Each structure stands twice: as C-alpha cells, then as structure tokens.
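S.K.: got a predicted structure plus its sequence, pasted below:
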Amino acid sequence: MASGLQVEVVATAIPRPVQLALTSSGLLVVLGHGREGAAELFWLDPADPLPIRGPGIPRVVVPFSPGPRKTVFGSLAVHPRTGDLFLGEENGNRIYRLTVEHRLTPIAVGLNHLVGGSSIAFDGEGRLVLLDFASPETQLRSEAPPPPVLEWLAHEAYRGPLVFRIDPDANPRLPHRLDVLPPLFPSGWGIHASREPLHRFISVAAAPAGDLLLLDSLGQLWRWSGAGDLHLVVRLPSGHYHRTNIALAPDGTVFVSTGFHIRRLLRVDRAGAVTTVAWNLGDPGGIVVDAAGALYLAETALHRIIRIRPGP
C-alpha cells in the first residue's frame, strides 16, 4: 500500500466478490460468484461494526441467466433513482434488470460480446452505458440485417469497439434490441477499413458534462466527449488488462482495478499522472468511491472487501 493510506477489511467470507456498486443511501452492493458460478448479491452497510462476515448477511441468489448455456453475471450497475440492479452476462450478449422485488427481466439483447468488469455503468442522467465490440464476423451472426443507420458499419467492414447508451425506463417494449440500435460510438464519422482499428473497450465510467472514460485492452485510458471527440488520456503500465474496473472519485481522480494478471490498484490524477496505490492484491475486482472519497475494492481471490482512505 502507498504511504499515507490506511486499509480496513470491510467484509470477509464473501464468495468470490467480483463487482461492487453503491446505492443512493450509501449501501454497498456486492456481486459474488457462489456455488458453480451462480450470482449471489449482498447489501452491506459500511457503517456497521467491521469486519462484516458474509455467512450472516442476507443474500439473494440469482441462478444462471436463462438459455441453453450457463452464462455467469460479471458486470453490475445500480439505477440511481430506483435502486434496481443491472446485471450483464460475462462473455454473453444480454443485460438483465433485477428489481427491488427481486424480479429478473432482460433489458437489452443482441450484443456481440459483453465482457466482465465495469463494462456497464449509469451516467448522471440515469442512462445505461454499455460496451460491445464489432467485427465483420459478428455482423454476419447478427439476428437481423442492419438497419439503414448501421449500413455504413457493414459497408466499411468496421472492426472495433461499440458504445451504446439506453434509457431503461423510456421504452415500454423491452428488451432493447442492440443489434439494430445505432451506437453512441462510433457515429457515422467515417471509420474506414484501412484505418488502424481501435482495441476493445473493456471498462467505462461516466464523467461530468456527458463525457465517458473508456479503458481499452491495452491499458489505454480514453476520454469521449459529449460532442463526439475521442482522445487518449494516458497509457497505463504495460500488462494484460482483463476484467478491469474503473471508478471516478468526486475530485476527478480515476482509479483502475487491474484484475488478476496485473494485481494493482492504479490512480490517474486530473493531469494524467499515474501512480500505484496498492500492489500484490488478491485478484482485484470491482471498485467504487463514496462521496467522502473512500475507496472500496473487492479482492476476489481472498473473498473480501477492503476500504482504502487517507490515514489519520
């Protein structure tokens, strides 16, 4: 751990915690992988005496997503107004809504390949942002021919990331068909097959003024502006970035949980300088930052949640 910080164990004996989210009331939602990978959801109060032990916490068990294959849930987001949970299939193509009454409903279908980590997130207006990746091969497998607004993607043989943004409360005819929905990125500004392709976006966080922070599989952090511009913020230390998570602190600092290959927690300040907050972590997974700037991190391999904040 970097100097000047203190770490506390918030919860232990949580079965493989992979994702975290904060509710508007300050509760910490934990997505764990229980028996044979079925999702287990916990709601923790960080104000309770610590550490909180998993076996004594009421939980909701969500079975494998419906369908012929067993697809585990690997991404999580909380609706800022309703408190409903949104769960994405890891390496799948669907996103589900779990209401406060524990009803599971598909909210979006037709993705090519949704990765785990923070590949879904809500923006400040309550819209769900999600990441996908397109290639000529996946376009051939689409459930329907592309609509006119997407024909240019197929015409240019586009291979690269897709970013969608949907309002889960605006369309009464659910689920959203993402295979026929115009993406937020790229828009029709003319990506050509001869252009060097962008790598897969694997993590997203919403920034103020409609901007998005996007991390790709090479460890490059990008900023997409509400005006449609994409520019590189910083290149993180080299390594294999997989199942990563990013979180934005109130002061504009970006934290990156680098997953089981790199095992570090990185900090990117507003000027783009990168520092290591913690290293040799036990498969660092989901991260969230509360209003006071305290950071919560899931150590998946150690079955625990820790809290990091400035020391006394």
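M.R.: Noted; the coordinates are in hand. Numbers count the residues shown, from 1 in each chain.

S.K.: what residues are up against the most centrally placed residue in the chain?
M.R.: The chain has residue 118 as the residue nearest its centroid, 1.3 Å off, counting by Cα atoms, centre = their mean. Applying Cβ atoms under 8 Å, 6 or more residues apart in numbering to residue 118 gives the contacts 19, 75, 203, 204, 205, 244, 245, 246, 247, 286. Yep, even glycine has a C-beta here, placed from its N, CA and C like the rest.

S.K.: any chance you could map the helices in the protein?
M.R.: Taking DSSP state H as the test, the helices found in the chain are 136-140, 151-155, 259-262.

S.K.: other SSEs contacting the shortest one?
M.R.: Spelled out, that is helix 259-262. Judged by 3 or more Cβ pairs under 8 Å, 6 or more residues apart in numbering; DSSP states H and E, helix 259-262 is in contact with strand 284-289.

S.K.: on that earlier part again, closest to residue 264 out of the contacts of residue 118?
M.R.: residue 244 (10.6 Å; Cβ to Cβ).

S.K.: just give me the neighbour total for that closest one.
M.R.: Here the count is done by other Cβ atoms under 10 Å, and residue 244 has 27 residues near it.

S.K.: so how far is residue 22 from it?
M.R.: 19 Å (Cβ to Cβ, to the nearest Å).

S.K.: what about the stretch 101-250 of the chain, any weak spots by pLDDT?
M.R.: Low-confidence segments of the stretch 101-250 of the chain (pLDDT under 70): 136-157, 172, 188-197.

S.K.: hey, where'd the strands end up in the stretch 51-200 of the chain?
M.R.: 52-53, 59-62, 73-78, 85-89, 95-98, 104-109, 120-122, 128-134, 160-166, 176-177 (DSSP state E, counting those that start in this stretch).

S.K.: state the paired neighbours of the last one in the sheet, together with their directions.
M.R.: Going back to what we said before, that points to strand 176-177. Counting by DSSP bridges, the strands paired with strand 176-177 are strand 104-109 (parallel).

S.K.: same question for the third one.
M.R.: Looking at strand 73-78 with DSSP bridges, its partner strands are strand 85-89 (antiparallel).

S.K.: distance between the partner strand and the chain's centre?
M.R.: The chain centre lies 10 Å from the centre of strand 85-89; the measure is Cα atoms, centre = their mean, to the nearest Å.

S.K.: and that strand, what's its mean pLDDT?
M.R.: The average pLDDT for strand 85-89 rounds to 95.

S.K.: quick one: residues in contact with that strand.
M.R.: Counting by Cβ under 8 Å, 6+ apart, 21, 29, 31, 39, 41, 62, 65, 71-79, 94-98, 104, 107, 114, 116, 119-120, 122, 128, 130, 168 sit against strand 85-89.

S.K.: what do you get if the cut-off is 6 Å, keeping everything else the same?
M.R.: Contacts of strand 85-89 with the rest of the structure, by Cβ atoms under 6 Å, 6 or more residues apart in numbering, involve 65, 71, 73, 75, 77, 95, 96, 97, 98, 114, 120.

S.K.: angle of that strand against strand 128-134?
M.R.: For strand 85-89 against strand 128-134, the angle by axes from the mean of the first three to the mean of the last three Cα atoms, to 10 degrees is 10 degrees.

S.K.: about what we covered before: inside strands: which ones of the contacts of residue 118?
M.R.: Per DSSP state E, strands hold the following members of the contacts of residue 118: 19, 75, 203, 204, 205, 245, 246, 247, 286.

S.K.: just give me the closest of these to residue 163.
M.R.: Of all the ones in strands among the contacts of residue 118, residue 163 sits closest to residue 204, with 7.3 Å by Cβ to Cβ.

S.K.: now that closest one. Nearest residue, chain neighbours left out?
M.R.: residue 121 (5.1 Å; Cβ to Cβ, 6 or more residues apart in numbering).

S.K.: my guess is that neighbour contacts residue 129, does it?
M.R.: Yes: under the criterion of Cβ atoms under 6 Å, residue 121 makes contact with residue 129 at 5.2 Å.

S.K.: common neighbours of these two, please.
M.R.: Counting by Cβ under 6 Å, 6+ apart, the contacts common to residue 121 and residue 129 are residue 204.

S.K.: for the two, work out which one has more neighbours and name it.
M.R.: Neighbour count, other Cβ under 10 Å: between residue 121 and residue 129, residue 121 has more, with 26 against 22.

S.K.: so what's the residue count around residue 228?
M.R.: Residue 228 has 11 neighbours, counted by other Cβ under 10 Å.

S.K.: what's across from the closest residue to residue 230 other than its chain neighbours in the sheet?
M.R.: Spatial nearest neighbour of residue 230, chain neighbours left out: residue 224 (5.0 Å); criterion: Cβ to Cβ, 6+ apart. With DSSP bridges as the criterion, residue 224 is bridged to residue 212, residue 230.

S.K.: state the distance from residue 224 to residue 210.
M.R.: 9 Å.
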